[in-house]
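# let's see this in three dimensions:
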Amino acid sequence: MKARGGEDKKAVVGQLSCLLQCVCSQSGTSNIIKDTPEEVNKEEEQGDVNRKKITLMGSLTHNLETLQKEKECLLIAIKLNNALGEEVKTLISELCKPSEFDKYKLFIGDLDKVVNLLLFWWRHLAHMQNFLIGLGEDASN
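Numbers count the residues shown, from 1 in each chain. Okay, the predicted model is just below:
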């Protein structure tokens, strides 16, 4: 899994590098012809836009690397959590009667459903909140 993630990361960085080279090559060719002051201003504006693009690409690359590291950490945490859950399940099955263990499994299943419902409603609420913020002050009138 890590090897694939590394390949994906290299592919994305390669694509970003390619885009960066395209932006740099465009900025180099746009400064060749300078006839009028209007064209000079347009070329300066284009240069500013290209610098902003380069800065944005760097920021996106950094953010992508950060997100990939966070994803790896979350995957490790999920594996550890699952292993701990299996240990608890094994311990309970050893200590409890079969009927009590069945009740435990039903409880865990119901708890999982409740947590998933809460997560669903939380995402839905966040989406609606973002939508309402996007409407602005006109919606409150």
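# any weak-confidence spans in the protein?
Where the chain drops to pLDDT under 70, the residues are 1-40, 137-141.
# longest helix in it, by residue count?
helix 37-95 (DSSP state H).
# who does that one touch, helix- and strand-wise?
Helix 37-95 sits against helix 2-30, helix 98-135, with contacts defined as 3 or more C-beta pairs under 8 Å, 6 or more residues apart in numbering; DSSP states H and E. The C-beta positions use only the backbone N, C-alpha and C, and glycine is treated the same way.
# rerun at 6 Å
helix 2-30 (3 or more C-beta pairs under 6 Å, 6 or more residues apart in numbering; DSSP states H and E).
# burial of residue 41, as a residue count?
Per other C-beta atoms under 10 Å, the neighbour tally for residue 41 reads 10.
# roughly how far apart are it and residue 93?
With distances taken as C-beta to C-beta, to the nearest Å, residue 41 is found 76 Å from residue 93.
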